[in-house]
Each structure stands twice: as structure tokens, then as C-alpha cells.
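Student: Could you look at this predicted model? Sequence included:
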Amino acid sequence: MNVVNPVYDFIQRNRVLSLIEKAQNSEARTLALDDFDLKCFPDDLLFCHSLYSLKLGHNFIKELPTSITQLKNLQHLSLEYNNLSEFPEALRGIPQLVSLNISHNPIKDLTKDIRCFSSLEILWCNSCCLTRFPKEIGNLTKLDTLGARHNRLSKLPDEICCLLNLRWLTLEDNKLCTLPKEVDNLKLLKHLNLNNNNLNCLPHRISRIKNLRYLHLQNNEFFSLPEKTIFAMPHTKINLRNNPLQLEDNKVFTNVIITGLENDILDMFGHDSDSSSDDWDNSLDSSDLNYSATDSESDNENEEVVSHIPILSKFLVTC
């Protein structure tokens, strides 16, 4: 069994304190404390009142303090790869959040209080343990991006069709058998990833989403092509690879990719900004957002050297 060296632990704690102190003194708007082995939310962060973006990913945090409400300017919060077993109740006190990443935490359910986050535009909850979405998710009317890959969702609430500003929805690797009937209400939806589910049919109303450009349906249970729906979606690239399809001879659909005909069909598609983007085409597991573009804080030589210490010190372990 490996035990963390006290020297490493000392370096990590002091590095965190140094970064927080610098952020506080400079009234920084962004702060990244990813991968510092934090076991709890650092209390000193509460005095960084100017924070706009806070990254706490890849730590061991189990809960957030209710005092996080002191961060009145916080709009972007990343908590991926921590030990949160429940949706952080304390977040109710910062309804101004614009983006939230809770991916890779053992969270079984999104709270009904999710309705409080009416300003939320981006929500990542990939690789949690979600079995359902609360109907209150329909209150997130500003939501642009929703990622819930690798969960246990078997049904979507009808209220998800109230997300009229949604452009990117990825629900890959769940247990979905059906889609809501009023899915066509999502008129701005451009990218829909439903790979690795239990779908065997599509509601025809999905063809009314004229902005839909990418529909991923790989590894589902389609035995036949929904021809009427496909013919009504010439604007949409549909990926049906690895389905148990029984196709009629010589039938070709120029907007559909199926196993065995990938090369022929792929050649028929052009490359616009979305189809050539890995972010859109593959629906990444978690967000990789950069909010520092407007905050060009320069690092001095000492900080460049110290920034490498936490990484190197991880090798300082004893058996």
C-alpha cells in the first residue's frame, strides 16, 4: 500500500494556499485548483470575492460548505472527478451559475432544486450514477449544452422538451428505450448523441428539428431503418453503425452511415465547422472550458518553477 510522503502533502497544501492568497490579493477572476488532492473545500477560497471561474476538478472533495454563497461573482464552477455522492445542496446559494461540471462523481440523482439555476447554460453530469432527470430540469430554459453520458437513465422527462435554447445534447451510454414525443420542441438542437442505448425506433416529429445536423445512433437496437423519418431529414447526418439492421438490397441513403457502407457514405458529407470538430462529433466525456481568455494574468519565473513541484512530488511515496 502506498502512503503519501509528508513532503508531498506539505508542498501540495502550501501550493494551494499560495495560489489562493495570490488570487485574493490580485482580485483574480479565475482560479484553477485541479489535482491538488484536496479532501475538502479550502475555507480561504471564501475570501476570493472576485472569482468568476473556479476549477476544483480531480480532487477528493465530498461536499461544499453553505458559505460558498459568499462567492457572489462566481459563474463557472468545475467539480469533475471528486467524491460528491449527492448534488451539492450548497449550490442553491449561487443561482447565478452559468456553467457547472459535476461529471465523474457518484451522484445518483439531480436535486429538484436544479430549478433554481435559471441562468445555467452548460451542465455536465457525465459518468455519474444518474438514474433519472427530475422534471424540474425543464426550468433551465437558458441551457445550451447538456452532457449526461455514461449514466443509467432509462427515461427522459417530458419537461426536457422545454429547453428551447438547447443546441447540444449528449446522452450516450444510458438505457433509453424511447424519446419524449414533443422532442421537436427543441428547435435549436444541432447535435444529438444517443449512441449505446436501447432505442429501436424514432418519433417522426424529430424530423421537424430543421437545425439538427448530427444524430448519433450507434449501438442501439434498430432492426429496420425508419425510412419515412430519414427521408424527411436530408439536412441531418445520421450514424446508425452497429445496429442489427436488415436492409433491402441496393437501398442507399445519402445522409445515413451504416455498417459496411461507411466509406461510401462518409465521402458524401462535406466538412463544416461542426462536423470536423471532435468536441461536437464525439461528445467529449467532460468539458474543457477555458475562461481565462479575458484574464491575461502573467506568471513570473518563480511561479513557473513552482508549478512543476506538485507533479514531480507525486513520485515521492513510500511503501
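Tutor: Thanks, I have the structure now.

Student: thinking Pro226 is in contact with Leu202, fair?
Tutor: Yes: Pro226 lies in contact with Leu202 (Cβ atoms under 8 Å); the separation is 4.9 Å. (Glycine included, C-beta is placed from N, CA and C.)

Student: quick one, which of these two is more surrounded?
Tutor: Set Pro226 next to Leu202 and count neighbours by other Cβ atoms under 10 Å: Leu202 wins out with 23 against 20.

Student: can you pull up the bridge partners for the residue minimising distance to the centre of the chain?
Tutor: Centroid-nearest residue in the chain: Trp124, 2.7 Å away (criterion: Cα atoms, centre = their mean). Assessed by DSSP bridges, Trp124 has beta-bridge partners Asn101, Gly147.

Student: any idea how far Tyr81 is from it?
Tutor: Between Trp124 and Tyr81 the computed distance is 12 Å (Cβ to Cβ, to the nearest Å).

Student: ditto for Leu215
Tutor: According to Cβ to Cβ, Leu215 stands 30 Å off from Tyr81.

Student: With Ile238 instead?
Tutor: Going from Ile238 to Tyr81 by Cβ to Cβ gives 33 Å.

Student: cool, and Cys40?
Tutor: For Cys40, the distance to Tyr81 - Cβ to Cβ - is 16 Å.

Student: cool, and Ala32?
Tutor: Per Cβ to Cβ, Ala32 is found 14 Å from Tyr81.

Student: Looking at the two, which is more packed in?
Tutor: The neighbour comparison of Ala32 against Tyr81 (other Cβ under 10 Å) goes to Tyr81, with 21 against 16.

Student: buried sites along stretch 175-188?
Tutor: Buried residues in stretch 175-188, counted by 16 or more other Cβ atoms under 10 Å: Leu176, Leu179, Pro180, Val183, Asp184, Asn185, Leu186.

Student: Closest to Gln24 out of these?
Tutor: Using Cβ to Cβ, Leu186 comes nearest to Gln24 of the buried residues of stretch 175-188, at 42.2 Å.

Student: give the contact list for the closest one.
Tutor: Cys161, Leu163, Leu164, Leu166, Leu169, Ile209 (Cβ atoms under 8 Å, 6 or more residues apart in numbering).

Student: Hmm, the fourth one is touching Gly147, no?
Tutor: No: at 11.3 Å, Leu166 does not count as touching Gly147 under the criterion of Cβ under 8 Å.

Student: ok, Ser154 to Leu143 distance?
Tutor: Taken as Cβ to Cβ, the span from Ser154 to Leu143 is 21 Å.

Student: So which of those two has more stuff around it?
Tutor: When Ser154 and Leu143 are compared for neighbours, Leu143 comes out ahead with 25 against 14, by other Cβ under 10 Å.

Student: quick one: contacts for that one?
Tutor: Contacts of Leu143 by Cβ under 8 Å, 6+ apart are Leu120, Glu121, Ile122, Leu123, Leu163, Asn165, Leu166.

Student: and it, what element?
Tutor: Leu143 belongs to no helix or strand when elements are defined using DSSP states H and E.
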